[in-house]
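> sharing a sequence plus its predicted fold:
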Amino acid sequence: MTLTNNLTFQLSDTGIILNDDSVLGVPFVDIDRVSGLDNAPYRETKRDHEGSDGGFMDAEFETGRDITLEGTVYAPLGVSLESYLDSLKNNWEPSTTLVPLYLLPDNTVGTRLVFVKPLGCKYDWDTARRIGSTSVQFNAYAEDPRIYDFTQTSTNIPIGAIVTNGFGFNLGFSFSFGTVSTNSDGQFVSVSGNRPTPPIFTISGPVTNPLIISDTLGRTMGFTITLGVGETLVIDTQYRTVRLNGTTNRRSTLTLPGWFMLQPGSNFIRFRAAAGSGTLNIAYRNAWR
């Protein structure tokens, strides 16, 4: 990914940079209109208030984004416009997997990205082709409406406490061995975006029955599984998947499904287990509306 100039765009790490007219003697795309990068559409549900005037509306969640870039392609005299259009069509062809659409609004905020499925490059033949130009439109759909920072942040947390489930019995008085925590554990994870962001948790063995706890939200994700040395459990909180070594489905090991996202600001996260000396890696990008 090679964006350096403000107000430029690039689909995929090796795609053609749009709106970059700083290089002379080669075709380029001048973008003059972009839609779909403001607030994503909200999913609205409306219903009447029975027995009185007015009604209710729920608009808590967003739908995906339809993103459109419109502009003009220019080709210098003697340079093939058609060959350049072929390259644009190849770059923006539909994909079964999500592709990063990079954008650089300005150097103050830096490069951001949206994960999209491209929907092609569209243009008409008109008289402007005689002078080596044509209007063009690029379309994409973002299933995830979040706009992310380009840089991914990664934090490692070691096991800070061993948790043991004990037993209890009555002998005329309460005498029990319950949960034991050997020491304080966890650390703060800072998020500077303006909306919750879905982290990817990677638990590395050796570890038995790990717990991921958000003190900020009061949520716990607990797993009944033993990981050996070199084994990992990858938890994607956006798609709610749990995979052993990143490939094999182990969703059934999640016995405390307290799914959570990282909130803007400071998040205190704890990593505990019944036994082991593994680590928890938290990978995330700051997310924006």
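Okay, I see it. Since the model is a prediction, treat every value here as computed from it, not as a measurement.
> give me the below-cutoff pLDDT ranges for the stretch 1-150 of the chain.
Applying pLDDT under 70 to the stretch 1-150 of the chain flags residues 1.
> what do you get if the cut-off is 80, keeping everything else the same?
1-2, 21-24 (pLDDT under 80).
> in it, which spans are helices?
81-91 (DSSP state H, counting those that start in this stretch).
> all strands of it, in order?
8-11, 17-18, 28-35, 45-48, 55-58, 65-74, 99-104, 112-123, 133-142, 147-149 (DSSP state E, counting those that start in this stretch).
> and the ones you listed: which comes nearest Ile212?
Ile212 lies closest to strand 147-149 among those, at 21.6 Å (C-beta to C-beta). In short, each C-beta sits where N, CA and C put it, glycine included.
> ok now the helix or strand following that closest one, how far from the chain's centre?
Remark: after strand 147-149, the chain's next helix or strand is strand 153-158, criterion DSSP states H and E. Relative to the chain's own centre, strand 153-158 is displaced by 17 Å; criterion: C-alpha atoms, centre = their mean, to the nearest Å.
> give me the buried positions along strand 153-158.
For strand 153-158, burial by neighbour count (16 or more other C-beta atoms under 10 Å) applies to Thr153, Ile157.
> strand partners of that strand, parallel vs antiparallel please.
Sheet pairing here is set by DSSP bridges, and for strand 153-158 it gives strand 279-284 (antiparallel).
> looking at the strands of the stretch 1-150 of the chain, which is closest to Val207?
strand 147-149 (29.2 Å).
> sorry, back to before: okay if I get the strands of the stretch 1-150 of the chain as TSV plus mean neighbour count and distance to Asp86?
Listed next are those as TSV, based on neighbours: other C-beta atoms under 10 Å; distance: least, C-beta to C-beta, whole Å:
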stretch	mean neighbour count	distance to Asp86
strand 8-11	22	15
strand 17-18	24	16
strand 28-35	16	14
strand 45-48	10	45
strand 55-58	10	46
strand 65-74	19	12
strand 99-104	21	19
strand 112-123	19	10
strand 133-142	19	13
strand 147-149	21	30
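> tabulate those strands (JSON lines), appending distance to Gly186.
As requested, the strands of the stretch 1-150 of the chain are exported to JSON lines (distance: least, C-beta to C-beta, whole Å):
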{"stretch": "strand 8-11", "distance to Gly186": "38"}
{"stretch": "strand 17-18", "distance to Gly186": "43"}
{"stretch": "strand 28-35", "distance to Gly186": "42"}
{"stretch": "strand 45-48", "distance to Gly186": "38"}
{"stretch": "strand 55-58", "distance to Gly186": "35"}
{"stretch": "strand 65-74", "distance to Gly186": "35"}
{"stretch": "strand 99-104", "distance to Gly186": "32"}
{"stretch": "strand 112-123", "distance to Gly186": "30"}
{"stretch": "strand 133-142", "distance to Gly186": "33"}
{"stretch": "strand 147-149", "distance to Gly186": "24"}
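> right, I'll call it a day here.
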